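Visitor: Sequence and predicted model, in that order:
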Amino acid sequence: MSLPPETVPTPEATATTPPPKRREGGMMRSSAIFSGLTLISRAAGFARDVVISAALGASAGPAADAYNTALSFPNLFRRIFAEGAFAAAFVPAYARTLETEGPEAADRIATQALAMVAMVTVVLTIVAQLAMPWIMTVINVGFLNDPARFKLAVVLTQITMPYLPCMAVAALLSGVLNARGRFIVSGAYPILLNLIMLAAVIPATGGQIGAAYAASWAVLAAGVAQAGLCWWAVRKAGAKIHLAIPRLTPAVKAIIITAIPAAIGNSATQLNVFVSGNLASFVDGGRSWLATADRLYQLPLGLVGVAIGIALLPRLSAAVASNDHERQKTSMDQAVLLSMALTLPAAAALMGMPYFLIDALFTRGAFLDVDARATAEALFQFGWGVPAFVLIRILAPAFFARGDTKSPMRFALVSVAVNAVVAVGLFYSGMGVPGIAAAVSAAAWSNAGLLALTLWRRDHYRPGPALVSRLIRIAFAAAGMGVLVAVATWGRPYYEPDIGQTLSAIGLDRGAKELSVIVVTALGGLAYAVLAFATRAVTITELKALVQRGNGGKA
């Protein structure tokens with residue numbers, strides 16, 4: 001299961017080639033701009049998901065599963081090619097040429113690459129459109145027992161499939177903007193998808209089926225708008241990129257050759273999605289339960305990933321290039337420490353209050369309590385995998401920075417095997433859809449473990465005793481917060497009615513569970529902060545240093 005596109009620079013792209021030199025304060029400001037816009041996009045995406053879940057439901061009819069299939073299929077290819085392998089190869093090549101040969105040479109490469117990626121994705125889209133009924137029998141075997149769900153999934157996926165070339169173009173142009181130091185549009189254009197979908201679904205008529213059609217057409221309209229916005233921004237930035245006939249030039253060949261290992265690795269990751277979706281298709285609502293849980297646990301991943309990819313990991317690439325071993329270790333230690341300080345409490349919350357979160361955020365309209373409980377069971381299993389997903393994004397660039405793209409590819413393939421075996425075993429042993437989520441987490445930990453073990457054996461990175469001690473204290477603080485929110489979940493019947501009565505007294509007939517989850521989440525965050533400071537997992541000095549760096553200081 002995967003989110004609708006939220007484009008961020010991939011770790012591979014940022015770690016492969018050091019960006020052009022900029023002042024520290026300017027880089028920090030760019031990172032803050034991009035992260036802030038990503039946060040806005042995620043908030044808008046959450047609002048979109050709440051509205052769509054209420055309109056489509058999950059297990060109450062065929063609309064939700066068909067719609068989630070229509071989103072996941074073009075996203076599968078987008079993640080493999082447009083924003084994964086191709087971005088990892090194109091962005092460093094463009095940035096390097098921009099730095100060494102100037103903008104005209106770099107723009108020629110961008111024009112050639114744009115022509116090639118547009119041609120490939122358009123051809124792929126046309127083939128998929130024509131073969132969609134046969135493709136659907138492979139990617140959703142369980143739908144064959146439900147002709148209405150199968151037919152709707154085919155039609156909706158045919159509607160959304162042209163989103164792929166639009167996003168391929170937008171991703172490439174976004175890479176051009178980032179290489180030129182323009183981050184606002186590349187950070188903001190994903191927001192268009194969420195706003196256009198909200199505008200389409202809220203007034204939609206025709207019940208669940210009508211809302212599913214509206215959401216699918218909105219995806220296509222958003223793709224055109226996103227590509228158009230990025231094209232305008234690139235031209236405004238002064239890049240002379242234009243449409244051209246695709247040609248296999250030496251520069252394009254080099255990009256393709258570089259992209260192949262990353263494409264295989266990304267394909268391995270997406271095979272996990274394929275296996276999970278296929279098993280879930282045998283359960284009415286299964287795809288929608290996984291998709292809803294996925295959207296919630298991906299929220300901290302997206303925000304943490306942006307912070308790492310833009311603010312921390314380029315330092316590792318520069319340290320490797322200068323053969324500065326001490327700086328390499330320091331950069332990795334800081335990345336691991338910061339990411340776990342942000343991720344472990346999020347994982348604890350997802351595991352401590354999964355039903356509370358899903359019920360408060362999504363149980364409304366056609367999304368029933370039975371859907372909330374099934375989704376919560378899947379979210380719990382995803383929760384313990386969250387730290388592994390973040391660690392992969394930290395550890396893999398340590399290989400890419402050294403020119404090793406094959407080792408992460410092999411480990412990704414191993415994770416596919418782990419996911420397939422565990423998912424099938426747990427699903428058919430009676431665990432059902434939560435077993436699919438557990439398999440995804442197990443596969444992520446196998447991948448992260450292999451990456452860490454290999455770095456250790458090659459002496460590329462070994463966390464020291466000080467970092468291990470800090471991580472233990474962070475884990476303790478996160479566990480304390482997890483226990484608190486779990487107890488708060490158990491005590492909902494005792495305090496939620498009082499909150500409801502308070503809201504009624506001021507003229508509000510609903511909102512008790514929503515306000516309750518906000519209060520409990522805030523208290524959990526406060527408890528984590530207190531425990532983190534009390535155990536010295538985080539110190540005041542470090543926070544002051546972080547603020548000084550954000551203000552362009554030298555700390």
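Guide: That came through fine.
Visitor: Identify, by residue count, the longest helix of this structure.
Guide: Longest helix in the chain, counting residues (DSSP state H): helix 103-139.
Visitor: How far away from the center of its chain is that helix?
Guide: Remark: helix 103-139 is offset 22 Å from the chain centroid, using Cα atoms, centre = their mean, to the nearest Å.
Visitor: what's the next secondary structure element after it?
Guide: helix 147-160 (DSSP states H and E).
Visitor: who touches that next one?
Guide: The contact list for helix 147-160 (Cβ atoms under 8 Å, 6 or more residues apart in numbering) reads 62-63, 65-67, 69-71, 73-74, 129, 132-133, 136, 140, 143-144, 209, 212-213, 216-217, 219-220. All C-beta spots, glycine's among them, are computed from the backbone N, C-alpha and C.
Visitor: I figured residue 244 hits residue 112, correct?
Guide: Yes - here residue 244 reaches residue 112: they are 6.9 Å apart, a contact under Cβ atoms under 8 Å.
Visitor: okay, those two: which has more neighbours?
Guide: residue 112 (21 against 13; other Cβ atoms under 10 Å).
Visitor: Contacts only, for the more buried one.
Guide: 244, 246, 247, 249, 251, 252.
Visitor: before we move on, what about residue 199?
Guide: Each residue near residue 199 by Cβ under 8 Å, 6+ apart is listed here: residue 218.
Visitor: quick one: what helix or strand has it in it?
Guide: helix 190-201.
Visitor: shaky segments in the stretch 251-400 of the chain?
Guide: The stretch 251-400 of the chain contains residues with pLDDT under 70 at 261-263, 265-270, 302-322, 324.
Visitor: Show me the strands in it, by range?
Guide: Applying DSSP state E, counting those that start in this stretch to the stretch 251-400 of the chain gives no strands.
Visitor: In it, mark out all the helices, start to finish.
Guide: Chain-ordered helices for the stretch 251-400 of the chain, with DSSP state H, counting those that start in this stretch as the definition, fall at 286-306, 313-321, 325-352, 354-362, 369-383, 386-400.
Visitor: got JSON lines for the ones you listed, with distance to residue 530 and mean neighbour count too?
Guide: Listed next are the helices of the stretch 251-400 of the chain as JSON lines, based on distance: least, Cβ to Cβ, whole Å; neighbours: other Cβ atoms under 10 Å:
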{"stretch": "helix 286-306", "distance to residue 530": "20", "mean neighbour count": "24"}
{"stretch": "helix 313-321", "distance to residue 530": "30", "mean neighbour count": "21"}
{"stretch": "helix 325-352", "distance to residue 530": "12", "mean neighbour count": "21"}
{"stretch": "helix 354-362", "distance to residue 530": "21", "mean neighbour count": "23"}
{"stretch": "helix 369-383", "distance to residue 530": "22", "mean neighbour count": "23"}
{"stretch": "helix 386-400", "distance to residue 530": "22", "mean neighbour count": "24"}
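Visitor: want to try TSV for those helices, with distance to residue 124 as columns?
Guide: Listed next are these as TSV, based on distance: least, Cβ to Cβ, whole Å:
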stretch	distance to residue 124
helix 286-306	23
helix 313-321	30
helix 325-352	34
helix 354-362	33
helix 369-383	30
helix 386-400	26
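Visitor: Of those helices, which is nearest residue 418?
Guide: helix 386-400 (11.7 Å; Cβ to Cβ).
Visitor: Helix or strand next in line after that closest one, which one?
Guide: Counting by DSSP H and E, the next helix or strand C-terminal to helix 386-400 is helix 406-426.
Visitor: Which residues belonging to whichever helix or strand comes after that next one are considered buried?
Guide: Counting by DSSP H and E, the next helix or strand C-terminal to helix 406-426 is helix 433-457. By 16 or more other Cβ atoms under 10 Å, the buried positions in helix 433-457 come out as 433-452, 454-455.
Visitor: Stretch 455-469 now?
Guide: 455, 460, 461, 463, 467.
Visitor: which residues touch the last one?
Guide: Taking Cβ under 8 Å, 6+ apart as the criterion, residue 467 is in contact with 333, 336, 337.
Visitor: Contacts only, for the first one.
Guide: With contacts defined as Cβ under 8 Å, 6+ apart, residue 333 is in contact with 463, 464, 467.
Visitor: among the helices of the stretch 251-400 of the chain, which is nearest residue 528?
Guide: helix 325-352 (4.7 Å).
Visitor: From the chain's centroid, how far away is that closest one?
Guide: Worked out by Cα atoms, centre = their mean, helix 325-352 lies 17 Å from the chain centre.
Visitor: Low-confidence stretches in the stretch 401-550 of the chain?
Guide: 401, 403, 542-550.
Visitor: Kindly recompute the last result at 80.
Guide: In the predicted model, the stretch 401-550 of the chain carries pLDDT under 80 at residues 401-406, 508-509, 538-550.
Visitor: Nearest residue to residue 221 in space, ignoring adjacent ones along the chain?
Guide: Nearest-residue entry for residue 221: residue 196, 5.6 Å, with adjacent residues in sequence omitted and distances by Cβ to Cβ, 6 or more residues apart in numbering.
Visitor: Many thanks, I have nothing further to ask.
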